[in-house]
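[1] return a 3D structure for these sequence lines:
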Amino acid sequence: MIYWKIFVAFFIPGIVGYGGGPASIPLVENEVVGRFEWLSVNEFSEMLAMANALPGPIATKMAGFIGYEQAGLLGAFIGVFATVAPSLILMIALLSLLNKFKGSPRVKTMTALIRPSIAILLGVMAYQFFQSSYVSAGMLQTIFLIVASFILLEKVKVHPAFVIAGSLLYGAVFLGR
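    Now for the predicted structure:
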């Protein structure tokens, strides 16, 4: 029964908490403090302050902490799953809808119009990364990493995760200041 309560306590704020984590904080408080009385107001505020200090989405951190406090590791998993389930369900429904109408001329036009926008956004982001790298590491290091990454990704076909890890290691060893 506790697992169902944890699921409900985080699924409902996930559905009605339009606007992400900050919008769902009062809804989660209502569930865990008011409805299920798992935490006092003071404990909730302390947990919220700690969750804000850590990186990542606030709602999932709260769900993981409270779920773990109430029912251990499985409770944490259920709390986090309940938090992301509304978005997951909506994504699956929208992708199913898009897949159903993928042959439609309107959908084809829409995706054709979106692709250049995404390409431009990715190009701007790549330029900003290059500019930031140039300023902090220098031109020689930046060009070396770009060329090495290109060769590893395109010619040797190394998985991107390994290229990223290698770049991080290179930066730690040769660029650590």
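
[2] list the buried residues for stretch 37-52?
    38-39, 44, 47-48, 51 (16 or more other C-beta atoms under 10 Å). For the C-beta atoms, the positions are set from N, CA and C on the backbone; glycine is no exception.

[3] which of those residues fall in helices?
    44, 47-48, 51 (DSSP state H).

[4] now do the contacts for F44.
    29, 32-33 (C-beta atoms under 8 Å, 6 or more residues apart in numbering).

[5] same check on P160?
    Residues in contact with P160, defined by C-beta under 8 Å, 6+ apart, are L153.

[6] on that earlier part again, okay, the buried residues of stretch 37-52 in a markdown table with pLDDT and distance to G17 next?
    What follows is those, written out as a markdown table (pLDDT from 0 to 100; distance: C-beta to C-beta, whole Å):
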| residue | pLDDT | distance to G17 |
| --- | --- | --- |
| W38 | 96 | 18 |
| L39 | 94 | 18 |
| F44 | 92 | 16 |
| M47 | 90 | 17 |
| L48 | 89 | 14 |
| A51 | 87 | 15 |
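
[7] which one of the residues you listed is nearest to L121?
    Using C-beta to C-beta, the shortest approach to L121 within these belongs to A51, at 30.1 Å.

[8] tell me how many other residues surround the closest residue to the closest one other than its chain neighbours.
    Counting by C-beta to C-beta, 6 or more residues apart in numbering, A51 lies nearest to K61, which is 4.1 Å off, once chain neighbours are set aside. For K61, the neighbour count with other C-beta atoms under 10 Å is 21.

[9] do the same with P86
    By the measure other C-beta under 10 Å, the count of residues near P86 is 17.

[10] quick one: it and I12 touch, right?
    No - taking C-beta atoms under 8 Å as the definition, P86 is not a contact partner of I12, at 9.1 Å.
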